[in-house]
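J.: Attaching a predicted model along with its sequence, questions to come.
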Amino acid sequence: MKDQQIAATSTEPRIFLVSPVLHCVSMTSLVYLRSSFGFGYLRPKSIFFAFSWAFVLFAIYAWLDANAWREYRAALRFGIGATVLYWLHLATAFRREWSEAAAHDNFSGVSHLERLPRRPKNFEHAVGEERIRLWGEPLITIAVALFIHVAFQERHLSQWLTLTGFCLWIKEALNRWFRIRRSKRCRDILEDAEDDFEGQSPAHSPMHQMPKESARKEKIKRTRAPSSSSEEATREKHYAEILRLLPPYNLAAAEDNYHALIKANHPDANGGSDDSAKYARQLNEAVAYFRGALS
């Protein structure tokens, strides 16, 4: 069978040109501020490879020219550290991919502020991961830029860190807006699905499905299965609750509910969270049960 190159699809919302520029500028500081990045989050690797090679050439030139080194030494040291850290993060992400122990490809890493050993018990509730990334990291970057400018009278690195701090804030503000909109769309899908269930057509109602009096056949008494019937009824009720089905159950309603719920709760649409993956598995089991029972 011939191998095929499949284009990778990303669930991360992106703005043409703006998002890549913000990402590339922010990564020069993020490699210092975070760890455990997803493999896809470290893209575009070709741009960072070109940046690394150009920066190495400029560092060699500045090292040979005393005046250039004196002027740019702080920025060069920062850039060399960022280059080394980026490729170390990429190698770590590749190793985790190879061992099949990696996080979601678009995982944006874990901030070092989240690893503080003596943080208060309500740290996550009071500050939270989103607040750290939206306010903490940009403010730290800008504060370091101001400190370098005031304490060492350094111009190039302080200007770059100030720009990076603003890019970090804009990038996280856009990500927050996209998450709000995605969550809203998921809620809309669920509300539309619930409205459809409540307003089912008469063709799906119990009275419509009752046979006519003239065509009704005489009931035949059957012996009830000793124990399996109650277990089967429990399973049916459990899977119906997962798919939000209302009795009487039919395959068409089960399929409709499944497609609506899996679209809203698929791991790729929720950042690869464990809860969404668990719920998606439950949905697959539930629709498989009704496909076998009602087909």
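T.: Perfect, I can see it now.
J.: Where does the prediction get shaky in this protein?
T.: Applying pLDDT under 70 to the chain flags residues 1-13, 118-127, 196-228, 269-272, 295.
J.: What lies in contact with stretch 69-78?
T.: Here stretch 69-78 makes contact (C-beta atoms under 8 Å, 6 or more residues apart in numbering) with 28, 58, 59, 62, 63, 148, 152, 154, 156, 157, 160, 161. Quick note: C-beta positions are derived from backbone N, CA and C, even for glycine.
J.: in that stretch, what's buried?
T.: 72, 73, 74, 75, 76, 78 (16 or more other C-beta atoms under 10 Å).
J.: ok, now stretch 241-253?
T.: 242, 243, 244, 245, 249, 250, 253.
J.: Farthest-apart pair in the residues you listed, please.
T.: 242 and 250 (16.1 Å; C-beta to C-beta).
J.: picking that back up, please convert the contacts of stretch 69-78 to TSV, extending it with distance to residue 169 and secondary structure.
T.: TSV is the format used below for the contacts of stretch 69-78 (distance: C-beta to C-beta, whole Å; DSSP: H, G, I helix; E, B strand; the rest coil):
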residue	distance to residue 169	secondary structure
28	15	helix
58	28	helix
59	29	helix
62	30	helix
63	34	helix
148	19	helix
152	24	helix
154	22	coil
156	21	helix
157	19	helix
160	15	helix
161	13	helix
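J.: Show me where the protein has its helices.
T.: 18-33, 45-64, 66-98, 123-126, 128-131, 137-152, 156-198, 206-209, 228-243, 251-265, 274-294 (DSSP state H).
J.: and residue 112, which of those helices is closest to it?
T.: With C-beta to C-beta as the measure, helix 18-33 is the member of the helices of the chain nearest residue 112 (6.2 Å).
J.: Which neighbouring elements make contact with the closest one?
T.: Here helix 18-33 touches helix 45-64, helix 66-98, helix 137-152, helix 156-198, going by 3 or more C-beta pairs under 8 Å, 6 or more residues apart in numbering; DSSP states H and E.
J.: With residue 288 as the reference, name the closest of these.
T.: It's helix 156-198; of the helices and strands packed on helix 18-33, that one is closest to residue 288 (C-beta to C-beta) at 19.2 Å.
J.: Let me know the distance separating the spatially closest residue to residue 85 that is not a sequence neighbour from residue 41.
T.: Spatial nearest neighbour of residue 85, excluding adjacent residues (C-beta to C-beta, 6 or more residues apart in numbering): residue 31 at 3.9 Å. Note on residue 31: its distance to residue 41, by C-beta to C-beta, to the nearest Å, is 11 Å.
J.: Show me the domain layout of this structure.
T.: Following automatic domain parsing, one finds the domains of the chain at 18-116+124-180, 230-294.
J.: mind putting the ones you listed in JSON lines, distance to residue 190 included?
T.: Output for those, formatted as JSON lines (distance: least, C-beta to C-beta, whole Å):
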{"stretch": "domain 18-116+124-180", "distance to residue 190": "16"}
{"stretch": "domain 230-294", "distance to residue 190": "6"}
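J.: Return a ChimeraX selection command for the buried portion of the contacts of stretch 69-78.
T.: ChimeraX command restricting those to the buried ones, with burial defined by 16+ other C-beta under 10 Å:
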select :28,59,62,148,154,157,160,161
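J.: Tell me which residues touch the residue nearest to residue 85, please.
T.: Contacts for residue 31 were tallied using C-beta under 8 Å, 6+ apart; they are 82, 85, 86, 89.
J.: Mind putting those into JSON lines with neighbour count and distance to residue 16?
T.: What follows is the contacts of residue 31, written out as JSON lines (neighbours: other C-beta atoms under 10 Å; distance: C-beta to C-beta, whole Å):
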{"residue": "82", "neighbour count": "20", "distance to residue 16": "26"}
{"residue": "85", "neighbour count": "16", "distance to residue 16": "28"}
{"residue": "86", "neighbour count": "21", "distance to residue 16": "24"}
{"residue": "89", "neighbour count": "21", "distance to residue 16": "26"}
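J.: Output stretch 244-259 as CSV, nothing but the C-alphas.
T.: Presented in CSV, the C-alpha positions along stretch 244-259 are these (Å, rounded to 0.1, in the frame of the first residue of the first chain):
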residue,chain,number,x,y,z
ARG,A,244,-30.1,12.2,26.0
LEU,A,245,-32.7,10.0,24.4
LEU,A,246,-36.4,10.2,25.4
PRO,A,247,-38.6,7.1,25.1
PRO,A,248,-39.7,5.5,22.9
TYR,A,249,-36.1,5.0,21.6
ASN,A,250,-35.5,4.8,17.9
LEU,A,251,-32.3,4.6,15.8
ALA,A,252,-32.8,7.8,13.9
ALA,A,253,-33.0,9.9,17.1
ALA,A,254,-30.0,8.0,18.6
GLU,A,255,-27.9,8.8,15.5
ASP,A,256,-29.0,12.5,15.5
ASN,A,257,-28.1,12.9,19.2
TYR,A,258,-24.8,11.1,18.8
HIS,A,259,-23.7,13.4,15.9
